[in-house]
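Peer 1: sequence unavailable; structure follows:
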């Protein structure tokens with residue numbers, strides 16, 4: 001399915017099947033090491049020698065780093081343009097391939113379902129799948145989550 005750039009501001013402008021391009025970002029070894037030293041200091045994230053001997057054959061980004069980078073792309077290119085009201089949570093995260101120094105990750109959101117709230121008429125719930133690929137088009141992470149989006153104010 002090709003990525004289509006949509007723009008929306010309120011819940012009423014979101015349709016199931018819509019695809020939102022979140023842009024791309026190159027991941028440096030320095031930022032992989034810095035994130036991992038602070039938040040996920042496993043040897044294959046912080047020690048080049050140990051990482052070379054691991055099943056990964058070299059330094060890889062923490063999956064949580066990949067999630068954080070994806071969240072930044074999501075805020076910059078999706079949520080900051082919308083009447084975002086936060087999220088009740090993430091149902092699923094899958095780390096499918098390692099992200100390595102020098103990789104460029106790209107992300108997109110596919111809207112799975114958009115449902116108006118019955119109890120809170122000022123918002124709707126949008127269930128979405130976030131897909132993150134590397135520069136080779138390989139899926140490195142997928143995530144399913146729900147976002148709360150404000151409805152258009154009454155005139």
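Peer 2: Okay, I see it. Here the structure is a predicted model, which is why all the values come from computation and not from measurement. Numbers count the residues shown, from 1 in each chain.

Peer 1: quick check: residue 36 touching residue 42?
Peer 2: Yes: applying CB atoms under 8 Å, one finds residue 36 in contact with residue 42, separated by 7.1 Å. Yep, even glycine has a C-beta here, placed from its N, CA and C like the rest.

Peer 1: those two: who's more crowded?
Peer 2: residue 36 (22 against 13; other CB atoms under 10 Å).

Peer 1: would residue 74 count as being in a strand?
Peer 2: No: using DSSP: H, G, I helix; E, B strand; the rest coil, the assignment for residue 74 is helix, not a strand.

Peer 1: so what sits against both of residue 36 and residue 42?
Peer 2: residue 62 (CB atoms under 8 Å, 6 or more residues apart in numbering).

Peer 1: quick one: low-confidence parts of the chain?
Peer 2: Scanning the chain for pLDDT under 70 picks out 1-8.

Peer 1: now the strands for the chain?
Peer 2: 19-26, 89-95, 104-116, 123-133, 139-150 (DSSP state E).

Peer 1: highest mean neighbour count out of these?
Peer 2: Neighbour counts (mean count of other CB atoms under 10 Å) averaged over each of these peak at strand 123-133, with a mean of 21.
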